[in-house]
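A.B. asks: Everything below, folded, please.
(2 chains)
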2 protein chains.
Amino acid sequence: MTLARSTLAGDRLALARLLTLVENQTEQGRQALNELFPHTGYAHLVGVTGAPGTGKSTLVNQLARYYRNPPDGEMALQVAIVAVDPSSPFTGGAILGDRVRMRDLAGDAGVFIRSMAARGSLGGLAHTTASLVQVFDAAGFEIIFIETVGAGQAEVDVARLAHTTLVVQAPGLGDDIQAIKAGILEIADILVVNKADRPGVENTERALSGMLQLAQPVAPVFRHHGPSEGLSERAPAQVEVDAWIPPIQRTVATEGDGVPDLAKEIARHRQYLRESGELERRERARLQAELEALLQDSLVSRWRKSVSNSKYQEILEKLIERQISPYQGVLALLDGEQTL
Amino acid sequence: MTLARSTLAGDRLALARLLTLVENQTEQGRQALNELFPHTGYAHLVGVTGAPGTGKSTLVNQLARYYRNPPDGEMALQVAIVAVDPSSPFTGGAILGDRVRMRDLAGDAGVFIRSMAARGSLGGLAHTTASLVQVFDAAGFEIIFIETVGAGQAEVDVARLAHTTLVVQAPGLGDDIQAIKAGILEIADILVVNKADRPGVENTERALSGMLQLAQPVAPVFRHHGPSEGLSERAPAQVEVDAWIPPIQRTVATEGDGVPDLAKEIARHRQYLRESGELERRERARLQAELEALLQDSLVSRWRKSVSNSKYQEILEKLIERQISPYQGVLALLDGEQTL
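C.D. replies: This next block holds a predicted model:
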């Protein structure tokens, strides 16, 4: 039985081994991904991002606990957490520790946590994360959290991976800094004000709703309900779905306060994605982005195999001596052109 | 006379037009870069980064003013500023305005300021910035500031471009957030505590020196001064250069306080780079990174021209239907393999 099949059958040890093979980008991992891929597309992917110190990890732990022990009669979900730490590209820092987190949820086979430090480029990081998520998805995890630290391109890449993106803020961490990161707000489907028992929570909320109002396009209040203007006079009835306005949800993750309401908002967003057709659109964009990133990697690694190291070093030396420009260097490497 | 030659001859209008051609990645811009490249390698490149609200722009303005009007008998330098704003990848935000800045230094032909909003990928951004810097370098600007907003991969890319990287902090902006970004500290050659007239400046300094002590490797206090252990008994005398420990410099940029001292630290770092051989090492790394980024872009754009859109769409549809995996999609695109 292959690792992929064992993973599909629910074997947790096989899953763990497969995740490692995938993370290390081995050929065996790639083969397994091919085998698993038709079984993906079922999980709901929740991105969680925000500055350090906002309590993201605790919040994700509490959400995991909630989905494992849901209220009255709802089905418990299998939960996976992929924790990505791209904050220190040089040391590959690991602020997020498996051990600290597992203490909370240890012994529950329905929760699986995987930490990843950033190695190499952030582009590669997003790609590896996407692959890990696919493994979890195929393995039957129904909700997958993708948690990342920091602010910048990595967060945008997370948003591209996730169906629902939570942006976590906390009072007293310099609201002006946090709020000015408009790029981060733009990827938020749900804004969470964690540590809401701290002073200044109103200020944080006010700053966020101010930013939200700036960011929102003019609300589509009046909608066209008359006869279709399309080719057919009897166009299929379009379901009217209001535009999604990111809600602001207060939580105190350490106490679990607000977590059930946050779970409700996630469910409401999931429903919105389905009804509006946005789920399909996001899936398309996500898979296309992954295809293109993978294509780029493959082109570069194929080229690397085709060129001799001595040739590469020769061009590099000429570049450093400023005998040729970077553009001329690339032409010489790709076409063997002898420039200068 | 070509734009490149006019630029070399000091024509500022030609310079401005050339910068636009380069920023728009035109063929004419590429040709000009080839022509200019042998004239580069003279400028000192200073990266300036830090969170929004730390007063980076004002600080860079004041440094520019200082280098234009240096104290007693020192030569005035030609100053270029490339201001990059990658903070909002979706809207291409432009927090930095040319107009606001120019008011300060307007009418001085020895200062040239260029703002760039982030368009497309951050990788592309770093690449375009490198090209603009080369134009300024060839045009005879002796000190070039590369200023960027935000925190993350973009800053690391700035550090790769610059000889000397200033990381700017300010009191009261959430020291814990700023300090925890170890990745940012690791790229700092000089730490600047701006707005040093504000309360909390001691806390900010303390947090920074704490982080620095954590980040420093064990200090090389004892050095080997005995006979060389190498092959030759009379190895060429190695110049002993102490390892660089990033200094912490207080400034109040709005008043110009601390700016002359900061300029001295930049000069001291320049000297360290020369004497330690680090300047040459950084130049190599910089040019190699640029060559590789350019190579990657070229490979992708060449491939794009070689594949038909209908073929690409067909593969993409199969991927979205989950008939093939992303890996299988890439193989099909690159080799025409019909998988599944």
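
A.B. asks: Please, where are all the helices along chain A?
C.D. replies: A:3-8, A:12-23, A:27-36, A:56-68, A:98-105, A:122-138, A:153-161, A:175-180, A:182-186, A:201-215, A:259-276, A:278-306, A:309-320, A:326-335 (DSSP state H).

A.B. asks: A:N203: neighbouring residues, count only.
C.D. replies: A:N203 has 12 neighbouring residues, counting by other Cβ atoms under 10 Å in any protein chain shown. C-beta: built from backbone N, CA, C; applies to glycine.

A.B. asks: circling back: distance to B:L212 for the helices of chain A - can I get that in CSV?
C.D. replies: Below are the helices of chain A laid out as CSV (distance: least, Cβ to Cβ, whole Å):
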stretch, distance to B:L212
helix A:3-8, 45
helix A:12-23, 32
helix A:27-36, 39
helix A:56-68, 26
helix A:98-105, 26
helix A:122-138, 25
helix A:153-161, 25
helix A:175-180, 22
helix A:182-186, 28
helix A:201-215, 31
helix A:259-276, 38
helix A:278-306, 36
helix A:309-320, 32
helix A:326-335, 34
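
A.B. asks: Mind putting those helices into JSON lines with distance to B:A207 and mean pLDDT?
C.D. replies: Below are the helices of chain A laid out as JSON lines (distance: least, Cβ to Cβ, whole Å; pLDDT from 0 to 100):
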{"stretch": "helix A:3-8", "distance to B:A207": "45", "mean pLDDT": "96"}
{"stretch": "helix A:12-23", "distance to B:A207": "34", "mean pLDDT": "93"}
{"stretch": "helix A:27-36", "distance to B:A207": "41", "mean pLDDT": "94"}
{"stretch": "helix A:56-68", "distance to B:A207": "21", "mean pLDDT": "93"}
{"stretch": "helix A:98-105", "distance to B:A207": "23", "mean pLDDT": "53"}
{"stretch": "helix A:122-138", "distance to B:A207": "26", "mean pLDDT": "82"}
{"stretch": "helix A:153-161", "distance to B:A207": "24", "mean pLDDT": "71"}
{"stretch": "helix A:175-180", "distance to B:A207": "15", "mean pLDDT": "47"}
{"stretch": "helix A:182-186", "distance to B:A207": "23", "mean pLDDT": "63"}
{"stretch": "helix A:201-215", "distance to B:A207": "22", "mean pLDDT": "80"}
{"stretch": "helix A:259-276", "distance to B:A207": "32", "mean pLDDT": "96"}
{"stretch": "helix A:278-306", "distance to B:A207": "37", "mean pLDDT": "88"}
{"stretch": "helix A:309-320", "distance to B:A207": "39", "mean pLDDT": "93"}
{"stretch": "helix A:326-335", "distance to B:A207": "39", "mean pLDDT": "91"}
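
A.B. asks: Among these, which comes closest to B:Q25?
C.D. replies: Of all the helices of chain A, it is helix A:326-335 that lies closest to B:Q25, at 10.8 Å by Cβ to Cβ.

A.B. asks: Report the buried residues of the closest one.
C.D. replies: In terms of neighbour count (16 or more other Cβ atoms under 10 Å in any protein chain shown), helix A:326-335 has its buried residues at A:326-333.

A.B. asks: is chain B contacted by that helix?
C.D. replies: Yes - counting by Cβ under 8 Å from any Cβ of the partner chain, contacts between helix A:326-335 and chain B involve A:326-330, A:333-334.

A.B. asks: farthest pair in those residues?
C.D. replies: Most distant of the residues of helix A:326-335 next to chain B, by Cβ to Cβ, are A:P326 and A:L334, 12.5 Å apart.

A.B. asks: show me the residues around A:E255 that make contact.
C.D. replies: A:D197 (Cβ atoms under 8 Å, 6 or more residues apart in numbering or on different chains).

A.B. asks: Could you check how far it is from chain B?
C.D. replies: According to Cβ to the nearest Cβ, to the nearest Å, A:E255 and chain B sit 22 Å apart.

A.B. asks: List phi and psi for the residue lying closest to A:G172 once chain neighbours are set aside.
C.D. replies: Distances taken as Cβ to Cβ, 6 or more residues apart in numbering or on different chains place A:G200 nearest to A:G172, at 5.0 Å, with adjacent residues excluded. Note on A:G200: its backbone torsions stand at phi 100, psi 0 [degrees, to the nearest 10].

A.B. asks: number of nearby residues for A:G200?
C.D. replies: Neighbours of A:G200 using other Cβ under 10 Å come to 16.

A.B. asks: Would you mind measuring from it to A:D108?
C.D. replies: Using Cβ to Cβ, to the nearest Å, A:G200 is found at 35 Å from A:D108.

A.B. asks: Okay, A:I187 and chain B: tell me how far apart.
C.D. replies: 8 Å.

A.B. asks: And the pLDDT at that residue?
C.D. replies: If you check A:I187, the pLDDT there is 82.

A.B. asks: next one: the one 3 residues further on
C.D. replies: A:I190 carries a pLDDT score of 95 in this model.

A.B. asks: Now do the same contact list for it.
C.D. replies: A:164-167, A:246-247, A:249, A:262, A:265-266, A:269.

A.B. asks: Including distance to chain B and neighbour count, could the residues you listed go into a markdown table?
C.D. replies: A markdown table is the format used below for the contacts of A:I190 (distance: Cβ to the nearest Cβ, whole Å; neighbours: other Cβ atoms under 10 Å in any protein chain shown):
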| residue | distance to chain B | neighbour count |
| --- | --- | --- |
| A:T164 | 18 | 23 |
| A:T165 | 13 | 25 |
| A:L166 | 18 | 29 |
| A:V167 | 14 | 27 |
| A:P246 | 14 | 22 |
| A:P247 | 20 | 17 |
| A:Q249 | 21 | 21 |
| A:L262 | 23 | 23 |
| A:E265 | 22 | 20 |
| A:I266 | 22 | 22 |
| A:H269 | 19 | 22 |
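
A.B. asks: A:T49 touches A:T164, doesn't it?
C.D. replies: No - in this structure, A:T49 is not within contact of A:T164 by Cβ atoms under 8 Å, at 11.7 Å.

A.B. asks: just to revisit the earlier point, distance check, the residue nearest to A:G172 against A:D261.
C.D. replies: Counting by Cβ to Cβ, the gap from A:G200 to A:D261 is 21 Å.

A.B. asks: is it true that A:L77 touches A:Y66?
C.D. replies: No - the pair A:L77 / A:Y66 is not scored as a contact, 9.4 Å apart, by Cβ under 8 Å.

A.B. asks: the more surrounded of those two?
C.D. replies: Between A:L77 and A:Y66, counted using other Cβ under 10 Å, A:Y66 has the larger neighbour count: 20 against 17.

A.B. asks: Quick check: that one vs chain B, distance?
C.D. replies: 28 Å.

A.B. asks: residues in contact with that residue?
C.D. replies: With Cβ under 8 Å, 6+ apart, A:Y66 has these contacts: A:256, A:259-260, A:263.

A.B. asks: again with A:L45
C.D. replies: By Cβ under 8 Å, 6+ apart, A:L45 lies in contact with A:133, A:137, A:144, A:146, A:161-164.

A.B. asks: Can you pick out the most distant pair from the residues you listed?
C.D. replies: Counting by Cβ to Cβ, the most remote pair of those is A:D137 and A:T164, 14.8 Å apart.

A.B. asks: For stretch A:252-272, buried residues please.
C.D. replies: Per 16+ other Cβ under 10 Å, stretch A:252-272 contains these buried residues: A:252-253, A:256-259, A:262-263, A:265-266, A:269-270, A:272.

A.B. asks: Touching, A:L191 and A:V167? I think so.
C.D. replies: Yes - with contact defined as Cβ under 8 Å, A:L191 counts as touching A:V167 (5.5 Å).

A.B. asks: isn't A:F37 right up against A:A138?
C.D. replies: Yes - in this structure A:F37 lies within contact range of A:A138 using Cβ under 8 Å: 7.3 Å.

A.B. asks: just the contacts of A:L45 now: which is nearest A:Y312?
C.D. replies: A:L161 (33.7 Å).

A.B. asks: That closest one: how many residues sit nearby?
C.D. replies: Other residues near A:L161 number 23, with proximity taken as other Cβ under 10 Å.

A.B. asks: Could you check how far it is from B:Q134?
C.D. replies: From A:L161 to B:Q134 the distance is 35 Å (Cβ to Cβ).
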